[in-house]
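>>> Build me a model:
(one chain, ligands or ions: 1)
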Amino acid sequence: MSRIQVVASILAADLTRLGEQVREAAAAGVDRIQVDVMDGHFVPNLTFGPDVVAAVRRAAPNLPIEAHLMVERPEVLVPAIAAAGASHILIQVESTPSLYRAVIAVREAGAEPGLALNPGTPVEALRELAAHVSMVNVMTVEPGFGGQRFIPTSPEKLRRVRLLAPELAIEVDGGIDADTAPLVAEAGATLLVAGTAIYRHPGGVEAGVRALRRAVSFTAP
Ligand code: DX5
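All right, here's what the predicted structure looks like:
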């Protein structure tokens, strides 16, 4: 099994010093930074846009930046988000009737597309486009806010994703911490998105990243 990657979500970062917090996560050895883009329509929260993606890109020039588009009609935002520096762009399968067009738009913009599934969305929703993406994000909370409780049936859903699309990298997102990380790692997750567990860890960012890595060290090659 390849090494599990840790992805820091800036949603839980101290936004009064975002650049510093991104640099802290990079220094702590995270593999990727995730920018949670929310439009207040697809989810009941309004967060970041292309300018914040560009700022995160400047703060972490050597790390992949992943934009998670929790927005309606994501295909409209894709070019600006990619131009701002996102190397991976996640499209929620529930967010547009033109899902194939949105995935192709990501590729045409020069980024790597991924699909994201809300907790209530069946794994089957992946089937038609699994061959066109490199990763799937299985939401382990209802998207919109950080600090929510991990949905306990998520590992079983991950196993079904693994069966349907064994070639895809599987990312989990929401309520991932040192307790839930082993559960999802055993079920096949290869990328762990964490906001609260990293940026609100009592020992600081580096301790938060270390705790996550230690929690899944049984999977190390
Ligand atoms: C959707 C957001 C969160 C965030 C991580 O609500 O995208 O999943 O990334 O949240 P926590 O703080 O639970 O790690």
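
>>> Strands along the protein, start to end?
5-9, 32-38, 65-70, 88-92, 112-117, 135-139, 169-173, 191-194 (DSSP state E).

>>> Adding mean pLDDT, write those out as TSV.
TSV is the format used below for those (pLDDT from 0 to 100):
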stretch	mean pLDDT
strand 5-9	98
strand 32-38	98
strand 65-70	98
strand 88-92	98
strand 112-117	98
strand 135-139	98
strand 169-173	98
strand 191-194	98
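
>>> okay, the ones you listed in a markdown table with mean neighbour count and distance to Arg17 next?
No exception for glycine: its C-beta is placed from N, CA and C like everyone else's. Formatted as a markdown table, the strands of the chain follow (neighbours: other Cβ atoms under 10 Å; distance: least, Cβ to Cβ, whole Å):
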| stretch | mean neighbour count | distance to Arg17 |
| --- | --- | --- |
| strand 5-9 | 25 | 14 |
| strand 32-38 | 25 | 15 |
| strand 65-70 | 28 | 18 |
| strand 88-92 | 26 | 25 |
| strand 112-117 | 22 | 28 |
| strand 135-139 | 25 | 27 |
| strand 169-173 | 24 | 23 |
| strand 191-194 | 28 | 19 |
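
>>> As a check, name the ranges of all helices in this protein.
Counting by DSSP state H, the chain has helices at residues 18-27, 50-59, 78-83, 99-108, 154-164, 181-186, 196-199, 205-215.

>>> ok, and does the first one reach over to the ligand?
No - contact of helix 18-27 with the ligand (Cβ under 6 Å from any ligand atom) is absent, the minimum separation being 12.5 Å.

>>> List the buried residues of that helix.
Buried positions in helix 18-27, judged by neighbour count with 16 or more other Cβ atoms under 10 Å: 18, 21-22, 24-26.

>>> between these, which is nearest the ligand?
Nearest to the ligand among those is Ala25, at 12.5 Å by Cβ to the nearest ligand atom.

>>> Looking at that closest one now. What's its pLDDT?
pLDDT for Ala25: 98.

>>> need the helices of the chain in JSON lines with distance to Glu128, can you?
JSON lines is the format used below for these (distance: least, Cβ to Cβ, whole Å):
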{"stretch": "helix 18-27", "distance to Glu128": "35"}
{"stretch": "helix 50-59", "distance to Glu128": "28"}
{"stretch": "helix 78-83", "distance to Glu128": "19"}
{"stretch": "helix 99-108", "distance to Glu128": "8"}
{"stretch": "helix 154-164", "distance to Glu128": "11"}
{"stretch": "helix 181-186", "distance to Glu128": "25"}
{"stretch": "helix 196-199", "distance to Glu128": "33"}
{"stretch": "helix 205-215", "distance to Glu128": "33"}
